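*Asks:* With the sequence up front, the predicted model follows.
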Amino acid sequence: NPADVPGLPEGVADRLLSEGIEELYPPQAEAVDAGVTTGESVVASVPTASGKTLVAELAMLSAVKRGGKALYIVPLRALASEKKSEFERWEELGFTVGVSTGNYESSGEWLASRDIIVATSEKVDSLVRNDAPWIDQLTCVVADEVHLVDDRNRGPTLEVTLAKLRRINPGLQVVALSATVGNADEIAAWLDAALVDSDWRPIDLRTGVHYGNAITFADGSQREVKVEGKRQTPALVDDALAGDADHGQGSSLVFVNSRRNAEAAAKRLGDVTSNHLTGEERGELNDLADEIEGVSDTETSRDLARAVRKGAAFHHAGLAAEHRALVEDAFRARLVKCVCATPTLAAGVNTPSRRVIVRDWQRYDGEFGGMKPLDVLEVHQMMGRAGRPGLDPYGEAVLLAKDYDTRDELFERYVWAEPEAVRSKLAAEPALRTHLLATIASGFAHTRSGLLDFLDRTLYATQTDDPDYLAGKADTVLDYLERNDFLTREREDGDVRLKATGLGHTVSRLYLDPMSAAEIVDGLAWADENEREMRRRLDGSASTAEAAGASEREEPSGFRTASEMVADTDSGDGDGDEGEGDGEAYESDRTYPTPLGLYHLVSRTPDMYELYLKSGDRERYTEECYEREAELLGRTPSEYSDTQFESWLSALKTARLLEDWANEVDEDRITDRYGVGPGDIRGKVETATWLLGATERIAGDRGFDAVAVREAKKRVEHGVRDELLDLAGVRNVGRKRARRLYEAGIETRADLREADKPVVLGALRGRRKTAESILENVGRQDPSMDDVAADESTREAVD
Ligand code: ADP
């Protein structure tokens, strides 16, 4: 009973009882017995949906009661806001909650006043690097989905961050929540924590494989699900919706291996779900579909709306966040009957379903060069989404087999298999590069032996049988960091003294991969050199001696004079299929470096996820590359050095996407042209904005010209051309509205403060609320639109 839990603040037990939590689930009770509410560290390795979040809440609330502060680390940004709203119900009892997302390189001082803080591991890492003043007040840290330390990209950050937090505060309570994994005991040993290892679930989970006309479950029982000329997935979705006499309709969650497949499957499954809708549901689904179309005017948006009208939906990382939230809510409300998702949905977001269908258990893996089976852990997490406590009699999770042998293989591989052990990925060089520099820059280590000492506190160290391996790797990385001017090394009494340089400190605080920073420094130096050279030539003042000096340095291969360059860029729109009026022709603003050059520079850093080249792209971007070579800030690699040339081109593809965005090309056209989703555009734009902000800082520090960088950054941030920058920065305006206002003669914020209201309203298509809030945001004294007559306001819009 919650009332018997020691250490809880007053009111918590009552509140839980009022939510229907009358008894702790067995793993929760075990965690309490292990001291999770009295300050003890605990690793809880339990299945999805078995109440891990409550364990964390009990720990955090009791820690705050003892006079401390708690931090909840989430693996994904989308989860940060979800968790925050979950925790906000404790504000009633006087606890304050804050979420730290958004930009790196801030110390989030306002969070000092919060009892409970939610943040991603990258954000926490960044807060530590920027000396957030409240970090040393933390007494309790929760690591959600701690099994993700195994993740090649993000795992090391969580691992190092936990090590740092424990170093800052040796008495820190760590509560680590994990899916059921093969070696939870090792994680517990690493964190000096008690272990709760359980496979208890609040609702029965039946797992099995569908083959022929039946599902065979792990216990040998079968359920007939006839295919009758359909494919397996529609048959299973149909069967769940038909339900049974006692429990009625059940929804399905279908996991597939790509976004495209998710969209295609949702389209097909709509024909199944639409047979199971009531008239009332159709009405609600139509409203929802309209709302979805209202979010953005894109192909994805329309496809999603079309599926939703029929009671099905897709869900993947290419969707806009608003779309994802609408789909999740409607699925939880049982309005949408079937969601086809990529595995990202399995990680975290709480969307239980009567039936889970794992349609694809293989996925294309670029590094592997072919289809690769998913990890057991991943498939188990998908399966764990089956069954809604209190709503379903049980959950069913089904894999699909086309033949007898595959059926046996799937039982062996997934149904009966134990999940893999979690292995630290810290020794991977990109991870070490970033984290060793940050560890030194933020003062966790001042010498080589101090650094190795620190590394000794990581999971990696507890898992390796070759302690010298990590030391060897660390030395390689230190060589690299020294060579690129991020740190200095000095021999000192049998040890080596390590000191971050100014650049090293900046890079660590900006949260850049040092390799990105090195690329940026080179690109800026290239631009600087090129510009001087251009000026020398234009001035015609280059003396023979200087010219000789200049040519000693390797001359940029693509070098041309400024006027040649501008002439080139005038016709630089390599895209013949576009009409005029799309705002597409490349403008020769005479700045150097050009926005494209800068976008290409940041796009080729390891901090920007690559856009892959699709068929035809190689030719297309090779051509563009030569057309616009003079703008690129570095030497184009030889076409014969295959991988380098290929990444140079895919960076160009990304850069062209960003350039289109900054030239006000429609979102829809961009998604089409680059084969990405609207969510990807936002992602790229956000990353580019961050990297260009960092570039601006580095340019300033190193004495390079930062004006062009700032301009290129602002344009991509707001997605507008130069002339709209002032307007687009006003909250609620955005790129499209800024353009319409501009065309109505309102060119600046000052204009907006003075403009005739009917003109403003007309440019905003008669939306009064929007107009008022915009006028308010720009600081107009009388933002009200009440005095504008209805016919006046629609005048322009009708035109
Ligand atoms: P996890 O974090 O393990 O995936 P959640 O914490 O999201 O699982 O819990 C799933 C659901 O179970 C939530 O809706 C939660 O309110 C509910 N729940 C948690 N603990 C209890 C309990 N002891 N009794 C009843 N319901 C509970």
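*Replies:* Yes, it's here.

*Asks:* which stretches of the stretch 1-150 of the chain form strands?
*Replies:* All strands of the stretch 1-150 of the chain, identified by DSSP state E, counting those that start in this stretch, fall at 42-45, 69-74, 97-100, 116-120, 138-143.

*Asks:* can you pull the contacts of the closest residue to the ligand within the stretch 451-600 of the chain?
*Replies:* Nearest to the ligand in the stretch 451-600 of the chain, going by C-beta to the nearest ligand atom, is Leu459, at a distance of 21.9 Å. The way it works is simple: take the backbone N, C-alpha and C, and place the C-beta from them, glycine included. Neighbouring residues of Leu459 by C-beta atoms under 8 Å, 6 or more residues apart in numbering: Val149, Glu159, Glu186, Ile187, Trp190, Ser424, Leu426.

*Asks:* Does the fourth one fall in a helix, a strand, or a coil region?
*Replies:* Local secondary structure at Ile187 is given as helix here, using DSSP: H, G, I helix; E, B strand; the rest coil.

*Asks:* can you pull the pLDDT of Arg795?
*Replies:* Per-residue pLDDT puts Arg795 at 49.

*Asks:* Next up, identify which helix or strand the residue of the stretch 251-400 of the chain found nearest the ligand is on.
*Replies:* Among the residues of the stretch 251-400 of the chain, Asn350 lies nearest to the ligand; the distance is 5.0 Å by C-beta to the nearest ligand atom. In the assignment (DSSP states H and E), Asn350 maps to no helix and no strand.

*Asks:* Surely it and Ala49 touch.
*Replies:* Yes - applying C-beta atoms under 8 Å as the test, Asn350 and Ala49 come out as touching, 7.3 Å apart.

*Asks:* just the buried members of the contacts of Leu459?
*Replies:* Val149, Glu159, Glu186, Ile187, Trp190, Ser424, Leu426 (16 or more other C-beta atoms under 10 Å).

*Asks:* picking up where we left off before, comparing the strands of the stretch 1-150 of the chain, which gets the lowest mean pLDDT score?
*Replies:* strand 97-100 (a mean of 91).

*Asks:* So which other helices or strands are in contact with that one?
*Replies:* Helices and strands touching strand 97-100, by 3 or more C-beta pairs under 8 Å, 6 or more residues apart in numbering; DSSP states H and E, are helix 77-87, strand 116-120.

*Asks:* Of these, which stretch is the most buried?
*Replies:* Comparing those by mean neighbour count (mean count of other C-beta atoms under 10 Å), strand 116-120 ranks first with a mean of 26.

*Asks:* contacting residues around that strand?
*Replies:* With C-beta under 8 Å, 6+ apart, strand 116-120 has contacts from 60, 64, 69-77, 80, 83-84, 87, 90, 95-101, 111, 127, 134.

*Asks:* Only whichever of these are buried, select them in PyMOL.
*Replies:* To isolate the buried ones among the contacts of strand 116-120 in PyMOL, judged by 16+ other C-beta under 10 Å, type:
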select buried, resi 60+64+69+70+71+72+73+74+75+76+80+83+84+87+90+95+97+98+99+100+111+127+134
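
*Asks:* Show me the subset of the contacts of strand 116-120 that also lies near the ligand.
*Replies:* Subset of the contacts of strand 116-120 in contact with the ligand: empty, counting by C-beta under 6 Å from any ligand atom.

*Asks:* near the ligand, which residues of the chain?
*Replies:* Proximity of the chain to the ligand is confined to 21, 24-25, 28, 48-54, 350, 389 under the rule C-beta under 6 Å from any ligand atom.

*Asks:* Apply the buried test to those and list what passes.
*Replies:* Taking 16+ other C-beta under 10 Å as the criterion, what is buried in those is Ile21, Leu24, Tyr25, Gln28, Thr48, Ala49, Ser50, Gly51, Lys52, Thr53, Leu54.

*Asks:* okay if I get those residues as JSON lines plus pLDDT?
*Replies:* What follows is those, written out as JSON lines (pLDDT from 0 to 100):
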{"residue": "Ile21", "pLDDT": "93"}
{"residue": "Leu24", "pLDDT": "96"}
{"residue": "Tyr25", "pLDDT": "95"}
{"residue": "Gln28", "pLDDT": "97"}
{"residue": "Thr48", "pLDDT": "80"}
{"residue": "Ala49", "pLDDT": "78"}
{"residue": "Ser50", "pLDDT": "86"}
{"residue": "Gly51", "pLDDT": "89"}
{"residue": "Lys52", "pLDDT": "92"}
{"residue": "Thr53", "pLDDT": "93"}
{"residue": "Leu54", "pLDDT": "96"}
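
*Asks:* Can you check which helix is longest in the chain?
*Replies:* Longest helix of the chain, by residue count under DSSP state H: helix 514-539.

*Asks:* Toward the C-terminus from the helix or strand bottoming out on mean pLDDT in the chain, list the very next helix or strand.
*Replies:* Taking mean pLDDT, DSSP states H and E as the measure, helix 562-570 is the helix or strand of the chain with the lowest mean score, a mean of 42. Note on helix 562-570: by DSSP H and E, the next helix or strand toward the C-terminus is helix 595-603.

*Asks:* Could you list the residues in contact with that following helix?
*Replies:* Helix 595-603 has contacts (C-beta under 8 Å, 6+ apart) with 516, 519-520, 523, 527, 593, 608, 628, 631-634, 651-652, 654-656, 658-659, 662, 687-688, 691-692, 695, 708-709, 711-712, 715-716.

*Asks:* Which members of the residues you listed occur in helices, if any?
*Replies:* Using DSSP H, the contacts of helix 595-603 in helices are 516, 519-520, 523, 527, 651-652, 654-656, 658-659, 662, 687-688, 691-692, 695, 708-709, 711-712, 715-716.

*Asks:* so where is the chain shaky, pLDDT-wise?
*Replies:* Residues of the chain meeting the criterion pLDDT under 70: 102-107, 345-349, 541-590, 790-799.

*Asks:* what's the helix or strand containing Thr488 packed up against?
*Replies:* Assessed by DSSP H and E, Thr488 sits inside strand 487-492. Contacts defined by 3+ C-beta pairs under 8 Å, 6+ apart place strand 487-492 against helix 429-441, helix 467-483, strand 495-500.

*Asks:* would you turn those into JSON lines with mean neighbour count and distance to Arg268?
*Replies:* As requested, those are exported to JSON lines (neighbours: other C-beta atoms under 10 Å; distance: least, C-beta to C-beta, whole Å):
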{"stretch": "helix 429-441", "mean neighbour count": "23", "distance to Arg268": "40"}
{"stretch": "helix 467-483", "mean neighbour count": "15", "distance to Arg268": "48"}
{"stretch": "strand 495-500", "mean neighbour count": "17", "distance to Arg268": "56"}
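
*Asks:* Which one, of these, ends up nearest to Arg509?
*Replies:* helix 429-441 (7.6 Å; C-beta to C-beta).

*Asks:* how deep is Gly762 tucked in, by neighbour count?
*Replies:* Using other C-beta atoms under 10 Å, Gly762 is surrounded by 23 other residues.
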